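**Student:** sequence-free structure coming up:
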């Protein structure tokens, strides 16, 4: 093919061709870019929705954890309250062994204790302790009963009158009442 165009025209046509080709490439690039952005929009919206859902779940978990902590603290407080109530209901009475030791200390050589029977009462009532034994003399038994009555922990010591009928070798049963 013979080219009848002068070189200046050829150069102008060649420049125009490159401009058109560049325009087509830019247009195609813009179209591809627009299609890519449009294709990414659903993923973006889906990711945004998932992020909101995750944030809501996170806040629910935090509230749930705080609620669990509150429930745990409330349970411990209730347990502590129960223990305090139990402790406050505990009698401040002296231990029984102290009372028994004091009874044994005041029983002189003329008194032989055979048995003890204890009944504990609650709610402010006096507990009772029954002391059975043998006294060698009536005077020793009376002195033993008086020393029990003089004890501050004992509110009452009841000796039946029938126990005083004999003068020697007396079997007795004294009912002692008090806060012990």
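**Tutor:** Yep, that arrived. Because the structure is a prediction, the values reported are computed rather than measured.
**Student:** now the residue nearest to the spatial centre of the chain: which helix or strand?
**Tutor:** For the chain, the residue sitting closest to the mean C-alpha position, by C-alpha atoms, centre = their mean, is residue 76 at 2.1 Å. Assessed by DSSP states H and E, residue 76 sits inside helix 7-89.
**Student:** and for residue 116?
**Tutor:** Using DSSP H and E, residue 116 falls in strand 111-119.
**Student:** packing partners for the helix or strand following that strand?
**Tutor:** Following strand 111-119 in sequence order, the next helix or strand is strand 127-137 (DSSP H and E). Counting contacts by 3 or more C-beta pairs under 8 Å, 6 or more residues apart in numbering; DSSP states H and E, strand 127-137 packs against helix 96-106, strand 111-119, strand 168-178. No exception for glycine: its C-beta is placed from N, CA and C like everyone else's.
**Student:** make it 7 Å
**Tutor:** strand 111-119, strand 168-178 (3 or more C-beta pairs under 7 Å, 6 or more residues apart in numbering; DSSP states H and E).
**Student:** which strands and helices sit next to the lowest-mean-pLDDT helix or strand in the chain?
**Tutor:** Sorting the helices and strands of the chain by mean pLDDT, DSSP states H and E puts helix 96-106 at the bottom, at a mean of 83. Applying 3+ C-beta pairs under 7 Å, 6+ apart, we find helix 96-106 packed against helix 138-150.
**Student:** show me the protein divided up by domain.
**Tutor:** The record's domain split for the chain, according to automatic domain parsing, is 7-90, 96-178.
**Student:** which of these has the lowest average pLDDT?
**Tutor:** Mean pLDDT is lowest for domain 96-178 out of the domains of the chain, coming in at a mean of 85.
**Student:** show me what contacts residue 7?
**Tutor:** With contact set as C-beta atoms under 7 Å, 6 or more residues apart in numbering, residue 7 has no partners.
**Student:** out of the domains of the chain, which one sits most buried?
**Tutor:** domain 96-178 (a mean of 15; mean count of other C-beta atoms under 10 Å).
**Student:** hang on, residue 106 packs against residue 144?
**Tutor:** Yes. The criterion here is C-beta atoms under 7 Å, and residue 106 meets it with residue 144 at 6.4 Å.
**Student:** now do the strand holding residue 116: everything it contacts.
**Tutor:** 96, 100, 107, 127-135, 140, 144.
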